[in-house]
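In: Here you go, sequence then predicted model.
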Amino acid sequence: MKIERLYAITIYLLNHGRSSASKLAKYFEVSTRTIQRDIDSLCIAGIPIIAVNGSAGGYEVSDQFKIDAAFATSDEYSLILTALRGYISATDSPKAKHMFEKLSLIAPAPSSLNNNCIILDFSVLREGEQTIFQKLQTAITKKCTVHFTYTNNNNETRTHLVEPIAVIYQWYAWYLLAYSKRKQDYRTYKLVRMENLILTEEPFTREHKRADTILQEREQKDQREYTDIILRCKQKAKSRAVEYLKASTIQEFPNGDLLMKATVVDNEQFWFGALLSMGDNIEVIEPEKIRKCVLSAAEKIISLYNYDKSLSYIP
């Protein structure tokens with residue numbers, strides 16, 4: 001929209017100083033002629049933009065022009081900018097970038113205590129996940145149904161038709177919160193397990209509550225099954241047991257080993273993978289069913305590597 005672009009151009013010039021028409025045109029993805037017309041409109045509106053000729057010329061806003069920043073404190077601005085940086089790292093959203101430009105301009109300098117003390121970097125999203133993320137954002141905005149294939153924890157692949165509500169980062173991964181038309185209930189889907197995502201023309205069948213309200217209601221009626229496991233852990237693996245399994249210490253032994261307890265979600269693979277990654281630094285004491293699962297996984301790994309290396313491997 002032109003009005004939004006005019007405001008964004010003003011913010012950009014205030015943040016970056018003198019900029020050529022071609023640079024502005026490239027940034028805002030319009031023609032240089034459009035930028036020239038926008039600059040004329042800003043001047044008519046009273047924004048003091050100065051045109052400088054020459055090889056180092058361009059447009060800049062007069063130093064006398066200021067934007068009021070009184071609605072928040074410097075530390076509050078710092079928190080907002082930190083959150084925006086994290087969002088941009090995940091989505092590369094042009095709108096978020098423009099918002100960051102606006103707030104960066106009017107934000108007073110934060111106190112040294114809060115200056116960049118927290119950085120949220122979600123750029124580890126795989127290329128495929130980021131594409132899905134962007135499509136979902138479009139579907140959520142348009143309130144249109146999406147269709148995709150999904151592979152669950154049991155390695156079962158099915159097709160789903162859902163009404164997307166929000167994209168959520170939790171449990172070390174990105175998820176989609178959506179209303180399943182088949183289940184007639186709300187479900188979460190891990191983005192990395194979604195494939196062949198298609199936006200349909202079908203509108204939502206109902207007005208949904210806010211995402212945070214839905215999540216709170218789901219948490220209150222959580223029907224997942226949990227299991228307590230007791231572990232004997234070597235001292236050097238304690239930090240990983242705490243980080244990945246949320247384990248707590250029950251007893252310490254003279255040799256430095258620890259008896260620890262963790263509560264895990266049944267039929268969830270993350271914690272089991274973390275358990276196997278610790279190798280012989282951790283042992284499941286109970287329950288017996290978990291011990292058997294670990295033993296079975298270990299035997300399969302051993303059998304995979306237990307072959308005559310002199311034989312050539314042909315896939």
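Out: Received, thanks. Small disclaimer: the values here were computed from a predicted structure and weren't measured. Residues are numbered from 1 along each chain as shown.
In: What residues of whatever helix or strand Ile35 lives in count as buried?
Out: Using DSSP states H and E, Ile35 sits within helix 32-44. Neighbour-count burial for helix 32-44, counted by 16 or more other C-beta atoms under 10 Å, picks out Thr34, Ile35, Asp38, Ile39, Leu42. Any C-beta I mention is one placed from the backbone N, CA and C, and that applies to glycine too.
In: so the fourth one sits right up against Ile50, yeah?
Out: If I follow you right, that is Ile39. No: Ile39 is not in contact with Ile50 according to C-beta atoms under 8 Å; the separation is 10.2 Å.
In: Which residues are in contact with each of the two?
Out: Common contacts of Ile39 and Ile50 (C-beta atoms under 8 Å, 6 or more residues apart in numbering): Tyr59.
In: In terms of pLDDT, where does Thr188 sit?
Out: The model reports Thr188 with a pLDDT of 91.
In: The closest residue to it other than its chain neighbours and Leu136, how far apart?
Out: Once flanking residues are discounted, Thr188 sits nearest to Tyr175: 4.6 Å by C-beta to C-beta, 6 or more residues apart in numbering. Counting by C-beta to C-beta, to the nearest Å, the gap from Tyr175 to Leu136 is 10 Å.
In: which other residues reach stretch 204-215?
Out: Under the contact criterion C-beta under 8 Å, 6+ apart, stretch 204-215 has outside partners Lys143, Cys144, Thr145, Glu163, Ile165, Ala166, Ile168, Leu177, Tyr179, Lys181, Tyr186, Glu217.
In: Could I have the PyMOL command that selects the buried members from the residues you listed?
Out: Selection command for PyMOL covering only the buried members of the contacts of stretch 204-215, criterion 16+ other C-beta under 10 Å:
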select buried, resi 144+145+163+165+166+168+177+179+186
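In: Can you say which two of the contacts of stretch 204-215 are spatially most distant?
Out: Cys144 and Glu217 (23.9 Å; C-beta to C-beta).
In: what comes up buried for the host helix or strand of Tyr27?
Out: Assigning secondary structure by DSSP H and E places Tyr27 in helix 21-28. If you call a residue buried by 16+ other C-beta under 10 Å, then helix 21-28 has these buried ones: Ala21, Lys23, Leu24, Ala25, Tyr27, Phe28.
In: Could you figure out how far it is turned away from helix 32-44?
Out: Helix 21-28 runs at 100 degrees relative to helix 32-44, counting by axes from the mean of the first three to the mean of the last three C-alpha atoms, to 10 degrees.
In: which strands and helices sit next to helix 21-28?
Out: Judged by 3 or more C-beta pairs under 8 Å, 6 or more residues apart in numbering; DSSP states H and E, the packing partners of helix 21-28 are helix 2-16, helix 32-44, strand 58-61.
In: mean confidence score for the shortest one?
Out: In this case it means strand 58-61. On average, strand 58-61 scores 90.
In: and Ala166, bridged to which residues?
Out: Leu177 (DSSP bridges).
In: Sketch out the low-pLDDT regions of the stretch 151-300 of the chain for me.
Out: For the stretch 151-300 of the chain, applying pLDDT under 70 flags the ranges 222-223.
In: quick check, Ile118 in a helix?
Out: No: secondary structure of Ile118 (DSSP: H, G, I helix; E, B strand; the rest coil): coil, not part of a helix.
In: can you put the buried residues of helix 21-28 in CSV and add pLDDT and distance to Asn306?
Out: Formatted as CSV, the buried residues of helix 21-28 follow (pLDDT from 0 to 100; distance: C-beta to C-beta, whole Å):
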residue, pLDDT, distance to Asn306
Ala21, 90, 69
Lys23, 91, 62
Leu24, 91, 65
Ala25, 91, 64
Tyr27, 88, 59
Phe28, 88, 62
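In: so where do the helices sit in the protein?
Out: 2-16, 21-28, 32-44, 74-91, 94-106, 127-142, 211-220, 238-245, 269-277, 288-305 (DSSP state H).
In: wait, which of those is closest to Asp121?
Out: Once the helices of the chain are compared by C-beta to C-beta, helix 74-91 is nearest, at 5.2 Å.
In: relative to helix 94-106, how tilted is the closest one?
Out: Helix 74-91 and helix 94-106 are oriented at 160 degrees to each other (the same axes, to 10 degrees).
In: CA atoms only: put helix 74-91 into PDB for me.
Out: C-alpha atoms of helix 74-91 as PDB (Å, rounded to 0.1, in the frame of the first residue of the first chain):
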ATOM      1  CA  SER A  74      14.400   2.300  26.600                       C
ATOM      2  CA  ASP A  75      14.500  -1.200  28.200                       C
ATOM      3  CA  GLU A  76      11.000  -1.900  27.000                       C
ATOM      4  CA  TYR A  77      12.000  -1.000  23.400                       C
ATOM      5  CA  SER A  78      15.000  -3.300  23.900                       C
ATOM      6  CA  LEU A  79      12.700  -6.200  24.700                       C
ATOM      7  CA  ILE A  80      10.500  -5.500  21.700                       C
ATOM      8  CA  LEU A  81      13.500  -5.300  19.300                       C
ATOM      9  CA  THR A  82      14.900  -8.600  20.700                       C
ATOM     10  CA  ALA A  83      11.600 -10.400  20.000                       C
ATOM     11  CA  LEU A  84      11.500  -8.900  16.500                       C
ATOM     12  CA  ARG A  85      15.100 -10.000  15.700                       C
ATOM     13  CA  GLY A  86      14.100 -13.500  16.700                       C
ATOM     14  CA  TYR A  87      11.000 -13.400  14.500                       C
ATOM     15  CA  ILE A  88      13.000 -12.100  11.500                       C
ATOM     16  CA  SER A  89      15.600 -14.800  11.900                       C
ATOM     17  CA  ALA A  90      12.900 -17.400  11.500                       C
ATOM     18  CA  THR A  91      10.700 -15.900   8.900                       C
END
